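**Q** Here is a sequence together with a model predicted from it:
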Amino acid sequence: MNARQVPEFPQWPQYDDAERDGLIRALEQGQWWRMGGDEVNSFELEFAEHHGAEHALAVTNGTHALELALQCMGVGPGTEVIVPAFTFISSSQAAQRLGAVAVPVDVHPDTYCIDAAEVAAAVTTRTRVIMPVHMAGLMADMDELAKLSADTGVPLLQDAAHAHGARWQGKRVGELGSVAAFSFQNGKLMTAGEGGAVLFPDTEMYETAFLRHSCGRPRDDRRYHHQIAGSNLRLNEFSASVLRAQLRRLDDQIALRDERWTLLSRLLGAIDGVVPQGDDVRADRNSHYMAMFRIPGIAEQARNALVDRLIEAGLPAFAAFRAIYRTDAFWEFGAPEGTPDAIAERCPNAEAISQDGIWLHHRTLLAGEREMHLTAEIIADAVAAV
Ligand SMILES: Cc1ncc(COP(=O)(O)O)c(C=O)c1O
């Protein structure tokens, strides 16, 4: 019997002399925080410009980016934030940390993004923000959501932790008229190990966010005049210098991942029992943060065993996020009335995807065509053996 060839995937994170030079530049500035150096300021300008936004504010991580954005949008005790039931827990935790109730809403079974019709049904007089997540880099239905936002007066906050460089009908994240939050955690499409950013279409909110992210203190304050409540969410100069280098690589990497996903999703779609994440032609630039697929109907334990087999065969494979209402953390504070089972009844798609979904790290999609074929063969064999 022929031994199967082992696929070779590039490492992540990636770096070269651009990151090295950036780190030395930050080091030798002699000022390692944003209030004294140039790296964070420069990164913010470059990131805002790249995404077509008026303003960018760099922060410590993506969770803090969401918290800060929500706080600036008036989220606090007595308010509700609508979030997808299928997402990484930070989307709901950010709202809950501010004392608000996080209201999970079902996602689309094909795109895994929040279902706009379900959002419409969940809006109440207490809803302060609707938070779509661009799952795996595929934009949520920003047309329907923008219409709903206009009809209800409830603003959108895009959780764009997966969507650096993504577009909707040619528009970049910062051109869609809403606030957007990003993560630069180690696995993200651009990274400094940790980090985050918020894009603001509106100068007043950006100025408030700047104060809040720096203990309520104006840029030039020397007398400890803390004007509003806040915290220290400032990004440091080293991280920003690395992110400036990472941003320059982003577009080429998106183009390569897109080419590879076109092939891999076709191969996956041809395997009995495998359904790759769907597409939406209006989401015309998918940044491909995860290569996701479902094995509809598989039991959760069998899916977990399948992921273990894929890892053994050399794939960077992971089980899909657990539906947020199926975690203990979700119920500690800021949960709506009800039980996990009652929410599951309203969110059958989130429930199913969290049990039958699998994702591959985006470095898979930075490999060669040969690796796409090997990846599909490994998956086909593993699924046939379930
Ligand atoms: C959808 C989503 N939102 C928010 C975050 C939080 O970002 P961070 O890890 O930088 O806090 C993540 C992932 O890490 C995420 O996947």
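**A** Thanks, I have the structure now.

**Q** Phi and psi next, for the closest residue to the ligand within the chain.
**A** In the chain, the residue that lies nearest the ligand is G62 (2.4 Å; C-beta to the nearest ligand atom). (Glycine included, C-beta is placed from N, CA and C.) The phi/psi pair for G62 (degrees, to the nearest 10) reads phi -70, psi -30.

**Q** pretty sure it is in contact with F182, am I right?
**A** Yes: assessed by C-beta atoms under 8 Å, G62 is found in contact with F182 at 6.3 Å.

**Q** Return every residue with contacts to both of those two.
**A** 161, 188, 196 (C-beta atoms under 8 Å, 6 or more residues apart in numbering).

**Q** Contacting the ligand as well, which ones from these?
**A** 161, 196 (C-beta under 6 Å from any ligand atom).

**Q** quick one, what contacts T127?
**A** 79-82, 103, 152, 154.

**Q** Actually, L250.
**A** 50, 164-165, 189-190.

**Q** Number of residues surrounding the residue nearest to H108 when sequence neighbours are not counted?
**A** Nearest non-adjacent residue to H108, counting by C-beta to C-beta, 6 or more residues apart in numbering: D115, 5.2 Å away. D115: 22 surrounding residues under other C-beta atoms under 10 Å.

**Q** same deal with R4?
**A** 12.

**Q** Now do the SS call for it.
**A** Assigned by DSSP: H, G, I helix; E, B strand; the rest coil, the conformation of R4 is coil.

**Q** Quick check: it touching E312?
**A** No: R4 lies out of contact with E312 (C-beta under 8 Å); the separation is 11.4 Å.

**Q** Now for the residue minimising distance to the centre of the chain: which residues touch it?
**A** Nearest to the mean C-alpha position of the chain, counting by C-alpha atoms, centre = their mean, stands A161 at 2.3 Å. Residues near A161 by C-beta under 8 Å, 6+ apart: 62, 88, 90, 133, 181-183, 188.

**Q** As a check, name the ranges of all strands in the stretch 201-350 of the chain.
**A** Using DSSP state E, counting those that start in this stretch, the strands assigned to the stretch 201-350 of the chain run over residues 275-276, 290-294, 317-319.

**Q** Which of the ones you listed sits closest to P13?
**A** Comparison of these against P13 by C-beta to C-beta identifies strand 290-294 as nearest, at 15.8 Å.

**Q** what's the residue lying closest to R346 once chain neighbours are set aside in contact with, if anything?
**A** In space, R346 comes closest to D106 once its chain neighbours are excluded; the distance is 6.5 Å by C-beta to C-beta, 6+ apart. By C-beta under 8 Å, 6+ apart, the residues touching D106 are 84-85, 114-115, 118, 346-350.

**Q** List the contacts of the closest residue to A192 other than its chain neighbours.
**A** Spatial nearest neighbour of A192, excluding adjacent residues (C-beta to C-beta, 6+ apart): S239 at 3.7 Å. S239 sits next to 58, 184, 192-195 when contact means C-beta under 8 Å, 6+ apart.

**Q** Show me the two of these that sit farthest apart.
**A** A58 and G193 (13.8 Å).

**Q** Which one's more surrounded, those two?
**A** Neighbour totals were compared for A58 and G193, and A58 leads with 27 against 12 (other C-beta under 10 Å).

**Q** Might one say that S231 is in contact with R212?
**A** Yes: S231 is within contact range of R212, at 7.3 Å (criterion: C-beta under 8 Å).

**Q** out of those two, which sits in the busier spot?
**A** The neighbour count for S231 versus R212, taken as other C-beta under 10 Å, is higher for R212 (21 against 16).

**Q** can you map out the helices along the stretch 51-200 of the chain?
**A** 62-72, 90-97, 116-122, 142-152 (DSSP state H, counting those that start in this stretch).

**Q** what comes up buried for the shortest one?
**A** To tie it back to what came earlier, the one meant is helix 116-122. By neighbour count on 16 or more other C-beta atoms under 10 Å, the buried set for helix 116-122 is 116, 118-120, 122.

**Q** Redo those as JSON lines? Include distance to the ligand.
**A** Listed next are the buried residues of helix 116-122 as JSON lines, based on distance: C-beta to the nearest ligand atom, whole Å:
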{"residue": "A116", "distance to the ligand": "18"}
{"residue": "E118", "distance to the ligand": "18"}
{"residue": "V119", "distance to the ligand": "17"}
{"residue": "A120", "distance to the ligand": "22"}
{"residue": "A122", "distance to the ligand": "19"}
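
**Q** Go through the residues you listed and name the one nearest L263.
**A** A116 (30.5 Å).

**Q** Can you tell me the closest non-neighbouring residue to the closest one?
**A** E144 (3.6 Å).

**Q** Neighbours of the one you found, how many?
**A** By other C-beta under 10 Å, neighbour count at E144 equals 16.
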